[in-house]
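A.B. asks: need a 3D model of the sequence below.
(2 chains)
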Amino acid sequence: KQEVTQIPAALSVPEGENLVLNCSFTDSAIYNLQWFRQDPGKGLTSLLLIQSSQREQTSGRLNASLDKSSGRSTLYIAASQPGDSATYLCAGTKGGSNYKLTFGKGTLLTVNP
Amino acid sequence: KAGVTQTPRYLIKTRGQQVTLSCSPISGHRSVSWYQQTPGQGLQFLFEYFSETQRNKGNFPGRFSGRQFSNSRSEMNVSTLELGDSALYLCASSLIGGMTETQYFGPGTRLLVL
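C.D. replies: As a prediction, the model looks like this:
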């Protein structure tokens, strides 16, 4: 059974700091890895999708990497801003579909002005 | 293009009642997935529909069911509600649920069972 773990559960940093969020998964057969952001009481917003054949994806100040051999993914946020405060979730999929996501519990990020 | 919409946004029910939640996917999207989010279990996959057919189902009891209409709108139904069904129910849509596609989530329906 696929399990996804995110460490730390919560993180508080001062504005401007670069930070890394970690995600580990137990099944190396994972195909895709996605990172989402969830604001309080809201739905999820997709940030980055890394396909099995890729090692990393970048979007603006965000960079996500995927290392299937070690079962780990990281989300790097550069020059953090208060608006980045949210819960960040990683989710993996297996096989040829991308609709059945297995989620981690998330990391609650607080960026202090 | 309008995003995924879910109705109602908030719902209060009592134990034993049943509830129906609705999800309208992004126009052109034919795959709709449902997830339950609770503080203890996090986000868990309920089921996915594509072209009016359930393609996959998570590990939830038969009280949880769903369907999809020809316009791709989807409903999920929970019968005989239990206190533990209190959760945020999220739906997500994509074109066909393919392996390179991003899932687009709606704002969710928050269900409180008293």
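A.B. asks: middle-most residue in chain B, spatially?
C.D. replies: B:Trp34 (3.2 Å; C-alpha atoms, centre = their mean).
A.B. asks: can you name the next helix or strand after the helix or strand of chain A with the lowest mean pLDDT?
C.D. replies: Every helix and strand in chain A was compared by mean pLDDT, DSSP states H and E; the lowest is strand A:30-38, with a mean of 89. Counting by DSSP states H and E, the element after strand A:30-38 in chain order, helix or strand, is strand A:44-50.
A.B. asks: so which elements touch that next one?
C.D. replies: Contacts defined by 3 or more C-beta pairs under 8 Å, 6 or more residues apart in numbering or on different chains; DSSP states H and E place strand A:44-50 against strand A:30-38, strand A:56-59, strand A:62-67, strand A:72-77, strand B:104-105. (Each C-beta comes from the backbone N, C-alpha and C, glycine too.)
A.B. asks: residue 112 pairs with what?
C.D. replies: You didn't say which chain, so I picked chain A. A:Asn112 has these beta-bridge partners by DSSP bridges: A:Pro14.
A.B. asks: hm, I was asking about chain B
C.D. replies: According to DSSP bridges, beta-bridge pairing links B:Leu112 with B:Ile12.
A.B. asks: element containing the closest residue to B:Asn59 other than its chain neighbours, please.
C.D. replies: Counting by C-beta to C-beta, 6 or more residues apart in numbering or on different chains, B:Gln44 is the residue found nearest to B:Asn59 once chain neighbours are left out, at 7.9 Å. For B:Gln44, the host element (DSSP H and E) is strand B:42-50.
A.B. asks: sorry, back to before: now render the helices and strands packed on strand A:44-50 as a markdown table, adding mean neighbour count.
C.D. replies: Listed next are the helices and strands packed on strand A:44-50 as a markdown table, based on neighbours: other C-beta atoms under 10 Å in any protein chain shown:
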| stretch | mean neighbour count |
| --- | --- |
| strand A:30-38 | 23 |
| strand A:56-59 | 14 |
| strand A:62-67 | 19 |
| strand A:72-77 | 20 |
| strand B:104-105 | 22 |
